[in-house]
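Colleague: Below is the sequence, then the predicted model.
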Amino acid sequence: MLKSEGKGCIVFGGSGFIGTHLIDSLVKRNNRIISIDINPPKKKIDCVKYITADIKDLSRLDVFEDIDTIYNLAAVHTTPGHEHYEYYETNIIGAIEICKFASKCNIKEIVFTSSISVYGPGEDQKIETTELKPTSSYGYSKMIAERIHRDWQSSDGNNKITIVRPAVVFGHGEGGNFTRLATLLSKGIFIYPGRKNTIKACIYVKDLLDAIFYAKEINLGEITFNGAYHNSYTLEEIVETFKIHYFPNVRTFLVPKFIVLLAAKAFKLFNLLNIGIHPDRVLKLVQSTNIKPDWLVQQGKIVDDGLVKALADWYKESSGTFK
C-alpha cells in the first residue's frame, strides 16, 4: 500500500485533453496527483505520478492511502468512430471498476464527466431535469455510467458524487471541433452547412474546470450539472466572434440545408462501401445542441462574454494558432 504526505487525488483519463488541463489546475492548487491512463501523457509534470492502466480492469492496481477524490474522465468518446460495443465495454465497465476501486481504497468522493449526449438530439432546450433520451451508443453508455456512480454514492451516506455533462469543450490541445473551425477560418473562406442558427452549446476548458471545482466544493451528496455557457451561442455567433477578433477577412457562404441532407444520404452509401465518410458527421452539422446549464445559472455561476474571453485566452496560450 502506497502512502505519502497530505491528501490528494487520482485522475483517470489524465492523458486526455480535459485531463491534462485538470492536472495543471490541481498542481496549482497544491494537490498530490496520480494520473492513470491507458495512453502516455502529452506532457509530464515532475510532481505527478503517472501509471499506465486500463479502466476495464483495475484489480491489480495498487491501493493508495490519503486520497480523497477520484476524477473519472476516462472514456471512449469519439462518435462516430468506434464499434458500438466499445462504448459500453469501456464506459460502463470502467465506471464499475472505478467505483469498486473507490470503495476498496475508502475514497469518498468521485467527480465524473458524463456528456450532453445523454439527452439525445433535438432542437428543444435541455436542462438537467430533462428526460434522458440518448440515441447513440456513447449516449447510452454515459447514461448507464451515471447510474452506476449514483448507486455508488447512495451505498454510503458519506460518499459524494459530482456529475458534469459537458457540451463541446474547447481550448489549447483540444484538436476537435473548435480547432477545426479555427483552421477553416484561417483559410479565408467558411461555408455554413445548411443553416447559420444551429445552436452549439460549448464551454472553454478552464471555465469547465472552474465550474467543476465550484460544484465539488459545495456538494454534500450528489450534484449533476450541464457544463456549458448560459448563452445559447449559434454557429453564426461563434464564427462571427472568431471573425471580428482574429480572422477579419474571412468570407462566408451558406449551403442550403437540402444539399447537406442529400450529402448525408450519399455519404451513407459511401460509408457502406467503407470509403470513410460517415453520414452521422454530416447530419451533426445541421443539428442543434441546445443545452442550458440551469443549475449553474441558479447558483449565479455564469460567465459574461464567455466566448470572447475564452478565445482571447486560448489565442494567447496557443501563441495565436488556436491549437
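Modeller: Received, thanks.
Colleague: quick one, phi/psi of residue 72?
Modeller: Main-chain dihedrals, residue 72, degrees, to the nearest 10: phi -100, psi 100.
Colleague: Contacts only, for it.
Modeller: By C-beta atoms under 8 Å, 6 or more residues apart in numbering, the contact list for residue 72 reads 12-13, 94-95, 98, 110-113, 149. C-beta coordinates here come from the backbone N, C-alpha and C atoms, glycine included.
Colleague: next one: residue 118
Modeller: 132, 134, 139, 142-143, 146, 165.
Colleague: top of these by neighbour count?
Modeller: Among those, residue 142 has the most neighbours (other C-beta atoms under 10 Å), with 27 neighbours.
Colleague: Specify the beta-bridge partners of residue 161.
Modeller: residue 110, residue 222 (DSSP bridges).
Colleague: residues near it, how many?
Modeller: There are 24 residues near residue 161, going by other C-beta under 10 Å.
Colleague: Kindly state the pLDDT recorded for it?
Modeller: On the pLDDT scale, residue 161 is placed at 98.
Colleague: same deal with residue 174?
Modeller: Residue 174 is given a pLDDT of 93.
Colleague: burial count for it?
Modeller: So residue 174, with other C-beta under 10 Å, has 22 neighbours.
Colleague: Now it: which helix or strand?
Modeller: If you go by DSSP states H and E, residue 174 is not part of any helix or strand.
Colleague: just checking, it touches residue 205?
Modeller: Yes: taking contacts as C-beta atoms under 8 Å, residue 174 lies within contact range of residue 205: 7.2 Å.
Colleague: tell me, what's touching the two both at once?
Modeller: Contacts common to residue 174 and residue 205, judged by C-beta under 8 Å, 6+ apart, are residue 17.
Colleague: any chance you could read off phi and psi for residue 107?
Modeller: Torsion angles, degrees, to the nearest 10, at residue 107: phi -90, psi 130.
Colleague: That one: what's it in contact with?
Modeller: Applying C-beta under 8 Å, 6+ apart, the residues near residue 107 are 10, 67-70, 101.
Colleague: most surrounded residue in the residues you listed?
Modeller: Neighbour max across the contacts of residue 107 (other C-beta under 10 Å) = residue 10, 26 neighbours.
Colleague: so what pLDDT did that one get?
Modeller: Looking at residue 10, the pLDDT reads 97.
Colleague: what pairs with it across the strands?
Modeller: residue 34, residue 70.
Colleague: With adjacent residues omitted, what lies nearest to the residue nearest the centre of the chain?
Modeller: For the chain, the residue nearest the mean C-alpha position is residue 166 (4.7 Å; C-alpha atoms, centre = their mean). Spatial nearest neighbour of residue 166, excluding adjacent residues (C-beta to C-beta, 6 or more residues apart in numbering): residue 227 at 3.9 Å.
Colleague: I'd guessed that neighbour sits against residue 212; true?
Modeller: Yes: between residue 227 and residue 212 a contact is recorded at 7.4 Å, counting by C-beta under 8 Å.
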